[in-house]
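Novice: sequence and computational prediction follow.
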Amino acid sequence: MENLSLEGSAKVPTVKFDAENGVLELKGRSIPENSIEFYKPLNEWIEKYGENPKSNTIVDIKLEYFNTSSSKCILDLFKQLEKLNNKDTDVQINWYFEEDDEDMEEAGEDYQAIIDLPFKMIEVEEI
Amino acid sequence: MTSIYDIFKRLDEKNILLSFKGMITSELLTTILSIMESKMDSYEEKPKVKRKVFNVLVECLQNLYHHIDIDNPEIEEFDKSALLMIAKNEDNYEIMTGNYMESKNVELLKSKLDIVNSMDKAELKAYYKKVLSNGERSDKGTAGLGMIDIARKSGQKLEYYFLETDKDTTFFSLTVKIAE
């Protein structure tokens, strides 16, 4: 299947969903006014990927900021992956956050508490 | 012309970095965020403070963007513009917004604000998680998390005021402080 590659902007993250390697990356900012519209093609891609996934799926979340309307969409995305996990693929979430960014670290922990997927918290100097 | 001087003086006394009155559009939102980012960069603001101010500002602006709407045909003259002011004081940043809303929605908003203001850090975290995982979405795609997130990031009580301007409309003002 085709990869999903979207260029980021001041309001939306760069999306690199690689079906061949089973690596899904979101990087940058997610603060669009209409987040449902932005995330819809991402959900659709995962839906299709789920029909024939790699044995391991790595999800790299490298977000600098996200707004509350995106937080709901990110949760929906994780829920979709939760359904795929342990069936045809093992899903692993890598949640990146910058050194002193406690808010982003906490946001990752919030998801970890809600979603039944293995989370790895990764502290980096700069995203 | 003295009135312009008066406004200038008032803004200056209040340490206003940026002020805007008008309709909040998507483009304007992007521009305000970018201006505030470069201003904070030029002050060599701590990344932590920068992130919090940015985050709160995004939510405040998007509240203004999404919620200034009126669906009551009986209210004819409705000013959809908003006022935004950002102040940099000695030990904090202040984000202030003002806008008209329908009086019938005041109660609901006030109760939301009071709930958030009654909670400490841990309670806000738990409440955020609850609304995130159970909450529904409005037809505008908003998740009802805005005020909770603003309170979490600010770490201080939200100050608000409702002024009934006539029987149908109320002016709502909100002040959010972010400590340096």
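Specialist: The structure has been received and is ready for your questions. Numbering: from 1, shown residues only, chains lettered A, B, ... in the order given.
Novice: gap between A:Glu44 and A:Phe66?
Specialist: Using Cβ to Cβ, to the nearest Å, A:Glu44 is found at 20 Å from A:Phe66. C-betas here are computed from N, CA, C, even on glycine.
Novice: between the two, which one's more packed in?
Specialist: A:Phe66 (23 against 11; other Cβ atoms under 10 Å in any protein chain shown).
Novice: thought the more buried one was touching A:Ser30?
Specialist: Yes: taking contacts as Cβ atoms under 8 Å, A:Phe66 lies within contact range of A:Ser30: 4.1 Å.
Novice: now the common contact residues for those two.
Specialist: Contact criterion Cβ atoms under 8 Å, 6 or more residues apart in numbering or on different chains; residues shared by A:Phe66 and A:Ser30: A:Ile74.
Novice: tell me the pLDDT of the spatially closest residue to A:Asp110 that is not a sequence neighbour.
Specialist: Nearest non-adjacent residue to A:Asp110, counting by Cβ to Cβ, 6 or more residues apart in numbering or on different chains: B:Lys129, 5.3 Å away. Per-residue confidence for B:Lys129 comes out at a pLDDT of 93.
Novice: what residues of the helix or strand hosting B:Lys129 count as buried?
Specialist: Using DSSP states H and E, B:Lys129 maps to helix B:121-134. For helix B:121-134, a neighbour-count test (16 or more other Cβ atoms under 10 Å in any protein chain shown) marks B:Leu124, B:Lys125, B:Tyr127, B:Tyr128, B:Lys129, B:Val131, B:Leu132 as buried.
Novice: now do the same contact list for A:Glu102.
Specialist: The neighbourhood of A:Glu102, defined by Cβ under 8 Å, 6+ apart, consists of B:Lys48.
Novice: chain A: strands as residue ranges?
Specialist: Assigned by DSSP state E, the strands in chain A fall at A:4-6, A:14-18, A:23-30, A:56-66, A:90-98, A:119-124.
Novice: so the spatially most central residue of chain B: helix, strand or coil?
Specialist: The residue lying closest to the centre of chain B (Cα atoms, centre = their mean) is B:Cys60, at 3.3 Å. Classification of B:Cys60 using DSSP: H, G, I helix; E, B strand; the rest coil returns helix.
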